[in-house]
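Asker: structure of the sequence below:
(one chain, ligands or ions: 1)
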Amino acid sequence: MSSSRTKIESLTILPGTTRDGTKEGFDEIVIRPGDTFSIVGPTGSGKTAFINDIEVFAQGDTVTNRRILINGREPDEALVRDPSRKPIAMITQNTKCLADLVVSEFLEMHIRSRKLDGDGIVEKTIRIANEFTGEKIRPHMRMSALSGGQTRSLFIADAIIISDTPIILLDEVENAGIFKDRVIEVLREEKKAIIFVTHDPYVALLTGTRIVMENGAVTKILTPGREEEETLAEIARMDAKITNLRERIRAGELLCGLEGVEA
Ligand SMILES: Nc1ncnc2c1ncn2[C@@H]1O[C@H](COP(=O)(O)OP(=O)(O)OP(=O)(O)O)[C@@H](O)[C@H]1O
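Answerer: Predicted coordinates:
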């Protein structure tokens with residue numbers, strides 16, 4: 001990790017205004033290392049605007065008027081402007097790599113720019129990425145030839161191992177051919193704070209806190225815990241079935257009935 005990196009103990013979101021200009025109804029939302037959040041709500045309710053506020057460290061200067069504090073204070077200029085010190089990585093559905101490099105060269109370039117030393121970082125990053133995707137990534141593959149799922153898996157692993165950012169924002173990555181439960185597990189193990197924008201019930205229930213949006217504003221903050229335990233187990237089974245069906249459709253099978261679809 002870069003030595004000049006500010007240690008992030010908390011990121012605080014202070015309320016802004018709804019689309020009608022009235023004040024949002026929460027006092028503050030505090031995110032700490034290891035916390036998992038999902039942002040849910042109908043299309044157009046302001047989910048992406050919410051994580052964009054975090055990504056740009058909004059100071060009342062975005063459409064939402066929210067403010068972001070780091071360790072309880074307005075973040076200093078270097079944290080906002082210097083990409084190597086930025087504590088936040090954002091990965092979206094549209095993440096695409098245009099670099100004409102193979103995977104190992106791309107990662108080595110990033111490792112050099114971060115001034116990291118230590119053996120095996122490239123291998124470790126690819127190994128972690130391969131825990132998130134069924135289509136294995138190899139060091140000699142061209143970045144521009146990776147599938148959407150492989151690219152996002154590699155970028156998540158890169159954010160964990162090379163950028164080593166304490167906060168990771170994931171905008172609707174669930175349909176992107178990645179193993180979302182494994183992503184959440186690894187991010188928890190690595191003590192990262194993760195914030196998912198999601199329409200996926202499995203991802204929503206896997207996270208510790210659910211932020212509900214409507215009309216550009218946060219309307220509820222839910223921390224269900226054990227209340228949803230049984231539902232989560234049931235959704236996990238359903239999700240495994242859907243994953244199984246998806247893989248079989250991809251493999252060109254005809255699905256005549258649902259027998260044999262086991263979690
Ligand atoms: N508090 C707000 N005040 C004013 N405009 C807002 C506010 N929040 C969001 N908007 C605007 O509303 C529009 C929709 O917001 P956004 O894209 O964040 O919704 P979303 O929930 O992510 O939608 P989708 O699920 O379709 O991706 C955007 O143009 C955004 O700038």
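Asker: now the strands for the stretch 101-250 of the chain?
Answerer: Using DSSP state E, counting those that start in this stretch, the strands found in the stretch 101-250 of the chain span residues 167-171, 193-197, 209-214, 217-222.
Asker: out of these, deepest packed?
Answerer: When the strands of the stretch 101-250 of the chain are scored by mean count of other Cβ atoms under 10 Å, the highest mean neighbour count falls to strand 193-197 (a mean of 25). The C-beta positions use only the backbone N, C-alpha and C, and glycine is treated the same way.
Asker: what packs against it?
Answerer: Helices and strands touching strand 193-197, by 3 or more Cβ pairs under 8 Å, 6 or more residues apart in numbering; DSSP states H and E, are strand 36-40, helix 47-55, strand 167-171, helix 180-189.
Asker: enumerate the residues of the stretch 1-150 of the chain near the ligand.
Answerer: By the rule Cβ under 6 Å from any ligand atom, the part of the stretch 1-150 of the chain lying against the ligand is 16-19, 41, 43-49, 63-64.
Asker: just to revisit the earlier point, can you add mean pLDDT and distance to residue 250 and give the helices and strands packed on strand 193-197 back as TSV?
Answerer: Output for these, formatted as TSV (pLDDT from 0 to 100; distance: least, Cβ to Cβ, whole Å):
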stretch	mean pLDDT	distance to residue 250
strand 36-40	95	27
helix 47-55	95	28
strand 167-171	90	23
helix 180-189	85	17
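Asker: and residue 48, how many neighbours?
Answerer: By other Cβ atoms under 10 Å, the residues close to residue 48 number 17.
Asker: report the contact partners of the residue lying closest to residue 221 once chain neighbours are set aside.
Answerer: Distances taken as Cβ to Cβ, 6 or more residues apart in numbering put residue 211 closest to residue 221, at 5.7 Å, once the chain neighbours are dropped. With contact set as Cβ atoms under 8 Å, 6 or more residues apart in numbering, residue 211 has these partners: 29, 37-40, 50, 218, 220-222.
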